[in-house]
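J.: give me a model of this one.
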Amino acid sequence: MLVIGSDHGGLELKEEIKALLLKRGLAVEDLGTNNGDSVDYPDFGQAVARRVSEGSAEKGILVCGTGIGMSIVANKFPRVRAALATDVFMATMAKEHNNANVLVLGGRVLETSVAREMVSAWLDTEFAAGRHQARLDKIAALEGELVKG
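T.: The predicted structure is shown next:
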C-alpha cells in the first residue's frame, strides 16, 4: 500500500502522480487534500507519515509547494525516511542509498513530466544495502536515543 497526500500547493501534481500510480497497478490511498482551498501542510504530511511510521503503509508520497514543509513534518516520525528530491538522480539515490520510504516533491517547482520520471525511478530502484544499511542502522540508533530522551 502506498499513501499519498498534498496541500493546496501540491494538489495538481498529486493528482497527476496518483494517476501514474494507479496506471502502474499500485494500491494507492489518497489522504487529501482534495480541493484547492488553502490548507495546512502539516495536517496532510502527518497523515501520510503516520501511516508509514506505523507500518500500515509501505511507502508514501507527499507534495506541497516546494516540498520543504512536508519533508520537515514527515521526518519527525519514527522509521520514516522522507527524501525531498528535485530531479531523477536524487529520487534514484533516495531509494538506492537511503531506502527512502517517503518521496517528497514540490508541486510549484517541478514540471509534471519530470515528477513522473522521478516517481517511476524511485519506485523501480532497489535499495543497495551493504555499506548503506550500516548508515541507516546508525540513523535508527540515533532515532531510538532521541525518542527515549
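
J.: now the strands: where do they sit in the protein?
T.: Here the chain has its strands, by DSSP state E, at 2-6, 28-30, 59-64, 82-84, 102-106.

J.: could you give the mean pLDDT of stretch 112-127?
T.: What stretch 112-127 shows for mean pLDDT is 98.

J.: now do the worst-scoring helix or strand of the chain on mean pLDDT: distance to the chain's middle.
T.: In the chain, the helix or strand scored least confidently by mean pLDDT, DSSP states H and E is helix 131-148, which has a mean of 90. Centroid separation for helix 131-148 versus its chain: 19 Å, with Cα atoms, centre = their mean, to the nearest Å.

J.: tell me the buried residues in that helix?
T.: Glu143 (16 or more other Cβ atoms under 10 Å). (Each C-beta comes from the backbone N, C-alpha and C, glycine too.)

J.: other SSEs contacting that helix?
T.: Contact partners of helix 131-148 among helices and strands, from 3 or more Cβ pairs under 8 Å, 6 or more residues apart in numbering; DSSP states H and E: none.

J.: in CSV, list the C-alpha atoms belonging to that helix.
T.: Coordinates of each C-alpha in helix 131-148 appear next as CSV, following Å, rounded to 0.1, in the frame of the first residue of the first chain:
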residue,chain,number,x,y,z
ARG,A,131,27.5,-0.1,3.5
HIS,A,132,24.3,1.9,3.1
GLN,A,133,22.5,-0.3,5.5
ALA,A,134,25.1,0.3,8.2
ARG,A,135,24.5,4.0,7.8
LEU,A,136,20.7,3.6,8.1
ASP,A,137,21.4,1.5,11.2
LYS,A,138,23.2,4.5,12.7
ILE,A,139,20.3,6.7,11.9
ALA,A,140,17.9,4.3,13.5
ALA,A,141,20.0,4.0,16.6
LEU,A,142,20.1,7.8,16.9
GLU,A,143,16.3,8.0,16.4
GLY,A,144,15.9,5.4,19.2
GLU,A,145,18.1,7.5,21.6
LEU,A,146,16.2,10.7,20.8
VAL,A,147,12.7,9.1,21.1
LYS,A,148,13.6,7.7,24.6
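
J.: residues in contact with it?
T.: 78-79, 81, 96-99, 127 (Cβ atoms under 8 Å, 6 or more residues apart in numbering).

J.: give me the buried entries from those residues.
T.: Neighbour-count burial (16+ other Cβ under 10 Å) is assigned, among the contacts of helix 131-148, to 81, 96-99.
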